[in-house]
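>>> Based on what follows, work out the 3D shape:
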Amino acid sequence: MPRFLFFSLLLTAACSTPKKPAAPAPPPQPPKITHFYSNTNPVPPGESATVCYGTAEATEVTLSPYSDTLKPSMNRCIALTPTRPTTYTLTAKGPGGQTTSTLTLAIGGAPTPSAPASPATPLITSFQSIGGGVVPPGKPVQFCYSTRPETVAVSLTPPAAGALKPGQNQCFTATVTKTTSYILTARDAAGSTDRMQVTVTIAQ
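Below you'll find the predicted structure:
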């Protein structure tokens with residue numbers, strides 16, 4: 001057989017070999033709602049609840065009733081303020097379909113008490129450690145403070161040995177074994193509070 005004819009037959013056989021069909025693409029995964037919960041339930045009247053949700057394989061997320069736009073997220077939290085018992089429906093959509101989850105927030109409980117307001121004029125006029133802010137471990141340190149006349153009570157965090165009194169040039173001693181931040185709190189008759197902090201560092 002002539003050589004050129006032999007190679008022609010090989011080329012023809014190679015070209016006529018059928019190709020394997022491409023594997024079909026896997027179907028898209030259905031979207032999932034991994035979590036949907038509230039940190040407060042029931043919700044005290046007039047207050048908000050923090051509601052968190054998470055999604056996977058989603059391209060669109062909606063919440064009903066809710067007026068703002070939501071986005072797919074592994075973990076996101078929003079504030080909801082229901083005025084009556086409300087059932088919220090979270091919907092996650094994607095190429096693989098859609099799924100929903102519901103959360104009902106009830107109304108009840110007492111409103112959270114507000115924190116005492118700060119006074120218009122600071123109650124603490126001075127608070128300092130005597131002898132510097134860096135001391136050897138275990139050394140007693142003297143602290144001195146002064147408060148305005150309208151101050152009715154003074155406290156310290158962490159507590160000092162013995163009760164503290166409001167007034168001018170008041171002092172106390174604390175043994176410091178580690179770097180500590182002392183917070184002095186003063187309160188007036190109306191319940192307003194003022195705070196001042198002093199940090200004592202232990203020498204290395």
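
>>> ok now do the spatially most central residue of the chain, which residues does it touch?
By Cα atoms, centre = their mean, the mean C-alpha position of the chain lies nearest to C77, the distance being 9.5 Å. C77 is in contact with T50, V51, C52, Y53, counting by Cβ atoms under 8 Å, 6 or more residues apart in numbering. Quick note: C-beta positions are derived from backbone N, CA and C, even for glycine.

>>> End to end on stretch 89-105, go ahead and measure it.
With Cα to Cα, to the nearest Å as the measure, stretch 89-105 spans 11 Å from end to end.

>>> which outside residues touch it?
The contact list for stretch 89-105, computed with Cβ under 8 Å, 6+ apart, reads 27-33, 36-38, 41-43, 49, 51, 53, 55, 57-64, 72, 80, 82, 85-88.

>>> give me that answer again for 7 Å
Stretch 89-105 has contacts (Cβ atoms under 7 Å, 6 or more residues apart in numbering) with 27-33, 36-38, 41, 43, 49, 51, 53, 55, 57-64, 80, 82, 85-88.

>>> And what about the residue nearest to the centre of the chain, helix, strand or coil?
Per DSSP: H, G, I helix; E, B strand; the rest coil, the local secondary structure of C77 is strand.

>>> Show me the beta-bridge partners of it.
Under DSSP bridges, the beta-bridge partners of C77 are C52.

>>> What number of residues are in the vicinity of P27?
9 (other Cβ atoms under 10 Å).

>>> again with G94
Neighbours around G94, by other Cβ under 10 Å: 20.

>>> Which residue, other than its chain neighbours, is closest to it?
P31 (3.9 Å; Cβ to Cβ, 6 or more residues apart in numbering).

>>> Can you give me the pLDDT of G46?
Here, the pLDDT recorded for G46 equals 86.

>>> What strand or helix carries it?
Under the criterion DSSP states H and E, no helix or strand holds G46.

>>> Tell me which residues touch the residue nearest to G94, please.
Contacts here follow Cβ under 7 Å, 6+ apart; on that basis P31 touches T55, A56, E57, A58, A92, K93, G94, G96, G97, Q98, T99.

>>> What's opposite the second one in the beta bridge?
The residues listed as beta-bridge partners of A56 by DSSP bridges are K32.

>>> my guess is it meets I33, correct?
No. Using Cβ atoms under 7 Å, A56 is not in contact with I33; the gap is 8.3 Å.

>>> Tell me the spacing between S181 and I130.
Distance from S181 to I130, counting by Cβ to Cβ, to the nearest Å: 17 Å.

>>> Ok, A186 next?
For A186, the distance to I130 - Cβ to Cβ - is 19 Å.

>>> For stretch 124-136, buried residues please.
Applying a neighbour-count criterion of 16 or more other Cβ atoms under 10 Å, one finds I124, F127, S129, V135 buried in stretch 124-136.

>>> Quick check: the third one is in a helix.
No. With three-state DSSP as the criterion, S129 is assigned strand and is not in a helix.

>>> Next, work out how far apart it and T177 are.
Separation of S129 from T177 (Cβ to Cβ): 15 Å.
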